Every structure is written in C-alpha cells, then in structure tokens.
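Engineer: sequence unknown, structure follows:
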C-alpha cells in the first residue's frame, strides 16, 4: 500500500501505524515512497499483523536514504520482515576516491560526498504490544558503504525481538568482506530509559586512506583486511529480546546455553553463539557467527520457534524462509 492520492511524502520514507480493533490489527497508516515499499498480507491470527519491507530493483545503491517510522498500538503484535537479504550495491561514482574524505570518527561524514547508503528506523511500542523485527540479513556488495540507525521506544509492558545481521557479501562472485564500510546502531529505551545500545562498525576504508609508506605506523601491506579479521565466518548476528512476550523463548535459550561445554579446539566451530543478560536480566542479547549464512539462519529458526505460541504457527513459518 503506497501513500494515498494527493499525499506527498519525501523519497525513501515510510510510515506504519497500527491499532487493535476487536481482534484485528488495522493500519491507520501504511505509506511509503520509492525506493521503499511496504506490503501487508492478510493473516489469520488474531491480534497479529505482518509487514514486508521491500526495495524496488532488488536492492539499494550508494546515496539512497531510507527512513521508516513505526508505531505499534496497544496490544498489537507486529512482525516486520523482508523478502530476501537487503542488498547494498557499491557507491556511485568515484567510490574509491571518496573514501579519502573519511576521518577516524565512526559517524559517516556527508552522504552526498561519500554516496553512503543509509537506513534509519524510529519505533514506538505501546503497552502490552510487541514488535518482531526479523528481516533477512544485510548483504553489502564490493565497494558498498552502508549506515543503519534504529531506535526503539518501549512502554514498560511492551516486548521486542530484534534481529540485526550482516553477511560477508556475494561469496559466489568471489566477494568476501570486500565492502568499504558497514555501520549499524541499535538503541532500545524503556519508559525513556536506555536499556541497550549495540554498535557494530566494519571498516575497510583504512586500506584506502593509509599511505604507501608511513614512518609513524605500520606499512600498508601490514594492515589486516576485514576478511583477515573475520574469517572463517561469513555471517555475524545480534539478537535482542526484551519484555514479557519473550520470556518463553529466553527461558529455552538460557537452558540451552547452560548445557554448552567449553573446551579448546584445534579448528574453529562452524557456528558459535553466546548469551548475555542486560538491564539486570530483563533483557537478553544473543550473538552468533557462522561459516555459512544458512548455518546462522537455521539456528535462529529453531531457537525462536517458541514464538509460534506468541504470533501463531502459520505466521512464524513466514520467517526465515
């Protein structure tokens, strides 16, 4: 559903507002503009709605800027998904030369100069409601530069399941952590109090800004690429869970984590994961890494299966396809 006739909204922006009427989630606003597209299929589960976040042309290019506002009304359960990974193509012109404008700050400078692809999301979750943000991973192509900032404001009795993950790129095309820069920030507030802030910066741009010879530091040839540092894994993920509607899943994950045996290995595991409590145990953070993206995907699909009791079996089957 796009914006209503006569309504003008800036390019790349979207707005989702949903409320519960009887047992049906109704969208009072579901609008978007190119290159963002929002679609909501009909679902049978009471109190649950699904929205797919899509991009025209199958991906985003350098300079694209996406802004999404989401408002989840009282007692609603909203599942936000994507159809396939979020593909980020390389910056437009002079992408290598533009990286010389970068400085040491993790925040990007002018997007117009660097042709950075940016996405931002502002979310409000009302009492007794829940957001399940479970998109496919971000896949940055060679020379791409991507920045993502997502902020979530929860009422005290609200819940959230937030998955943020990134792949190494198009491995079938010989691309393995060959993008320029990936920067992702997730902040979660409950009743105005920040309970979590997660930042991930993956930066290859220093390889372009380092001079051929430098008397005060290591030579250019000694700098380690992202591939060197992140191998052998091709997918990294962060999962954040908070609120009463996540308790069943968290209890299962805690039991599974306690059963893990830790011992020294001669070769890396194909899949690794960890669990950490946050905000005095009210929230939980899962971090995972896999040699293949499918390893990570299949693990999360099984680990979050307890959500079937929350959103419905048929609705959960639409996740991790």
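Structural biologist: That came in fine, so what should we check first? The model shown is predicted, which means the values in this text are computed figures rather than measured ones. Numbers count the residues shown, from 1 in each chain.
Engineer: going forward, measure contacts and count neighbours with C-alpha atoms only.
Structural biologist: OK.
Engineer: would you list every one of the helices in this protein?
Structural biologist: Applying DSSP state H to the chain gives helices spanning 95-98, 111-114, 206-209, 226-230, 247-258, 293-303, 308-311, 313-316.
Engineer: Next, the buried residues of the fourth one.
Structural biologist: Residues 226, 227, 230 are the ones in helix 226-230 that count as buried (16 or more other CA atoms under 10 Å).
Engineer: Off-centre distance for it?
Structural biologist: Mean-position distance between helix 226-230 and its chain equals 20 Å (CA atoms, centre = their mean, to the nearest Å).
Engineer: Start and end of stretch 164-180, how far apart?
Structural biologist: End-to-end distance of stretch 164-180 (CA to CA, to the nearest Å): 19 Å.
Engineer: go on, stretch 137-156?
Structural biologist: End-to-end distance for stretch 137-156: 29 Å, by CA to CA.
Engineer: cool, and stretch 172-189?
Structural biologist: 39 Å.
Engineer: Please list the residues outside that stretch that contact it.
Structural biologist: 90, 106, 140-154, 167-170, 194-205, 226-227, 234 (CA atoms under 8 Å, 6 or more residues apart in numbering).
Engineer: Surely residue 87 and residue 60 touch.
Structural biologist: Yes: Residue 87 is within contact range of residue 60, at 6.2 Å (criterion: CA atoms under 8 Å).
Engineer: between the two, which one's more packed in?
Structural biologist: Higher neighbour count among residue 87 and residue 60: residue 60, with 25 against 21, using other CA atoms under 10 Å.
Engineer: Give me the residues contacting stretch 134-141.
Structural biologist: Contacts of stretch 134-141 (CA under 8 Å, 6+ apart): 79-90, 146, 161-170, 175, 178-179, 182, 319-320.
Engineer: Among the contacts of stretch 172-189, name the ones in strands.
Structural biologist: Here DSSP state E is the test, and the contacts of stretch 172-189 give 140, 145-154, 167, 194-203 as lying in strands.
Engineer: Of those, keep whichever come out buried.
Structural biologist: Among the ones in strands among the contacts of stretch 172-189, those classed as buried by 16+ other CA under 10 Å are 140, 145-154, 167, 195-196, 202-203.
Engineer: And the residues you listed, which two are furthest apart?
Structural biologist: Farthest pair in these (CA to CA) is 154 and 203. Separation: 31.3 Å.
Engineer: need the contact list for residue 280.
Structural biologist: By CA under 8 Å, 6+ apart, residue 280 has no neighbours at all.
Engineer: next one: phi and psi at it?
Structural biologist: Backbone torsions for residue 280, taken as degrees, to the nearest 10, come to phi 60, psi 40.
Engineer: gap between it and residue 226?
Structural biologist: 34 Å.
Engineer: Just the pLDDT for the nearest residue to residue 312 once chain neighbours are set aside.
Structural biologist: Using CA to CA, 6 or more residues apart in numbering and skipping residues adjacent in sequence, the residue nearest residue 312 is residue 45, 6.1 Å away. In this model, residue 45 is scored at 95, pLDDT.
Engineer: what separates residue 45 from residue 78, distance-wise?
Structural biologist: Distance of residue 45 to residue 78, given as CA to CA: 11 Å.
Engineer: more neighbours, the two?
Structural biologist: residue 78 (26 against 17).
Engineer: now that one, which residues is it bridged with?
Structural biologist: Here residue 78 sits in beta bridges with residue 49, residue 131, going by DSSP bridges.
Engineer: got it, and residue 26?
Structural biologist: Counting by DSSP bridges, residue 26 forms beta bridges with residue 19.
Engineer: mind checking how far it is from residue 41?
Structural biologist: Look at residue 26 and residue 41: by CA to CA, they are 12 Å apart.
Engineer: can you pull the buried residues of stretch 278-293?
Structural biologist: 283, 284, 285, 286, 287, 288, 289, 290, 291, 292, 293.
Engineer: can you tell me the distance between the two ends of it?
Structural biologist: Stretch 278-293 end-to-end distance (CA to CA) = 26 Å.
Engineer: before we move on, what about stretch 257-275?
Structural biologist: One end of stretch 257-275 sits 7 Å from the other (CA to CA).
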